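Colleague: sequence and computational prediction follow.
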Amino acid sequence: MNSTQQKLRYLLVIAFIGWLAIHPTVVSAADASAPGAHKSPGWLRSAVVYEIFPRNFSKEGNFNTITARLDELNDLGVDVLWLMPIHPTGEKMKKGSIGSPFAVRDFYAINPAYGTANDFKRLVGEAHKRGMKVVMDIVAGQTAWDSVLMSHPEFYLQNTNGAIIPPDPAWTDVAGLNYANPEVRRYMIGMMEYWLKDFGVDGFRCDVAPTVPMDFWEAARTELEKINPQVVILADAGAKPALLEKAFDVDSSWALIGTLNTVMNSVVPAYFIKDSWEHTDQQFPKGAMHLRFTDNHEQIRAVARYGVNGALAAQVLMLTLDGVPLFYNGMEVGDATESADPALFEKMPVFWNSGGRPPLRDIYRDLIKLRKQYPAFYNGDVAWLQNTAPGEIVSFLRKDANDEFLVLINLSSRRVTGSVELSNAEDFKPVKISGWPNSVNTLIPDFSIGGYGWFIYHRPVPK
């Protein structure tokens, strides 16, 4: 497949994801009647998550180089470190020259390339000293083909001929676990308890969570809370509202990022963002939290998809909407190193000294500070506003009893002028963000915003 065909295929895929995001048929009636979201720790709503791929976070690819950058991450405003799987990677039927970290050989072991158990304990301890939590990636639905569990073939999914099979035919480098076997459930819960007790991790991110039965996750949460009542569990899932009722604190907002991809590629107009958000809000239980991201290990890097300024505008959206914003492996410096395939199976470290970028770290740091300073961003409402350029501009208020913030983001590459429907517009003042031009040629409700430009305005609510 040549590069043009690959690009076309990619665009078709993201267009389909965007279509799914706005069609209610993706959620069952049972999901739609979900009673309410699991009550999560209060601090999580204002948190910022940072996903780390230890192999590619540095040239050394180990725990100690992560520990060495904790002060930088703390200064950025990170609250939760999400570490992609830290276990030994399978060799049998691996993809690429190194293999996927999601093909786990031993859930109780640490990848020797990452360091020792003491190195990992030091990383967790140093993160805790800085007030940061550490969440481990758990691949509960599968193992590598050379896993230590292969001595128990009854632990695995099997076809009619008794041969072990993957959980998905395309996942040729992994074998599926069989949760109809109670021993599998006991083993996996015991393993999660081990990392909580012996290493002091604060929770788990559960890869492809819907491939594992719901009642397992609910039982696991009950047992884990006995060890740490504040345990945090993130679900790699979308369009599964029931997951957030009892088992998980946050899921992945795949519908929103799918829609954003189609908008940024000019497949659909910007107002589809609002439609996607409203669809999710209607389908999920009240109070449900979603991980808001533009970049992660499963996609081409945002700066490659959108360009640097487009990636910044997209991340501003995620930082100002409701939910829990995510950063990934060097995106605060605009790293454009490959991600997903092939980087998931190779050694492709972050390039920390990217040139020709706006001061992204300063911009993101100020946006995170703003978000943490004002509860309107993490406990307040989202009120979408009409504007005269809905094909390019998203406009919304984040508000509570004390503050209102107007957010205007141009998701196109061209300058757009127009106006937004806004009461008390004269009371809103621009918010200064370090490293971002604050010149405004017009006074709202009128606007003139350059390609991928954005502005945030603030109004204290009169008492």
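Modeller: Thanks, I have it.

Colleague: how does the chain divide into domains?
Modeller: 3-380, 383-460 (automatic domain parsing).

Colleague: now the shortest one: average pLDDT?
Modeller: Mean per-residue pLDDT for domain 383-460: 94.

Colleague: just the helices in the stretch 201-350 of the chain please.
Modeller: Under the criterion DSSP state H, counting those that start in this stretch, the stretch 201-350 of the chain contains helices at 214-227, 243-246, 254-264, 271-283, 302-306, 308-320, 340-343.

Colleague: of all those, which one is nearest Ala170?
Modeller: Each of the helices of the stretch 201-350 of the chain has some distance to Ala170 by C-beta to C-beta; the shortest is helix 340-343, at 11.5 Å. No exception for glycine: its C-beta is placed from N, CA and C like everyone else's.

Colleague: next SSE downstream of the closest one?
Modeller: Proceeding N to C from helix 340-343, the next assigned helix or strand is helix 360-373, under DSSP states H and E.

Colleague: ok and that next one relative to helix 308-320, angle-wise?
Modeller: 20 degrees (axes from the mean of the first three to the mean of the last three C-alpha atoms, to 10 degrees).

Colleague: residues of helix 360-373 that come out buried?
Modeller: Leu360, Arg361, Ile363, Tyr364, Arg365, Asp366, Leu367, Ile368, Leu370, Arg371 (16 or more other C-beta atoms under 10 Å).

Colleague: tabulate the residues you listed (JSON lines), appending distance to Ser100 and pLDDT.
Modeller: Below are the buried residues of helix 360-373 laid out as JSON lines (distance: C-beta to C-beta, whole Å; pLDDT from 0 to 100):
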{"residue": "Leu360", "distance to Ser100": "28", "pLDDT": "96"}
{"residue": "Arg361", "distance to Ser100": "29", "pLDDT": "97"}
{"residue": "Ile363", "distance to Ser100": "33", "pLDDT": "97"}
{"residue": "Tyr364", "distance to Ser100": "29", "pLDDT": "98"}
{"residue": "Arg365", "distance to Ser100": "32", "pLDDT": "98"}
{"residue": "Asp366", "distance to Ser100": "36", "pLDDT": "97"}
{"residue": "Leu367", "distance to Ser100": "32", "pLDDT": "98"}
{"residue": "Ile368", "distance to Ser100": "31", "pLDDT": "98"}
{"residue": "Leu370", "distance to Ser100": "37", "pLDDT": "98"}
{"residue": "Arg371", "distance to Ser100": "33", "pLDDT": "98"}
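
Colleague: okay, and the beta partners of Arg398?
Modeller: Per DSSP bridges, the residues bridged to Arg398 are Val382, Phe405.

Colleague: ok, it - contacts?
Modeller: Thr320, Leu321, Asp322, Ala376, Phe377, Gly380, Asp381, Val382, Ala383, Glu404, Phe405, Val407 (C-beta atoms under 8 Å, 6 or more residues apart in numbering).

Colleague: of those, buried ones?
Modeller: Looks like these have Thr320, Leu321, Asp322, Ala376, Phe377, Gly380, Val382, Glu404, Phe405, Val407 buried, using 16+ other C-beta under 10 Å.

Colleague: so which of the helices of the stretch 201-350 of the chain gets nearest Pro430?
Modeller: helix 308-320 (14.1 Å).

Colleague: what packs against that closest one?
Modeller: helix 254-264, helix 302-306, strand 324-328, helix 360-373, strand 393-399, strand 403-410, strand 454-460 (3 or more C-beta pairs under 8 Å, 6 or more residues apart in numbering; DSSP states H and E).

Colleague: that one to strand 324-328, inter-axis angle?
Modeller: Using the same axes, to 10 degrees: helix 308-320 against strand 324-328 is 150 degrees.
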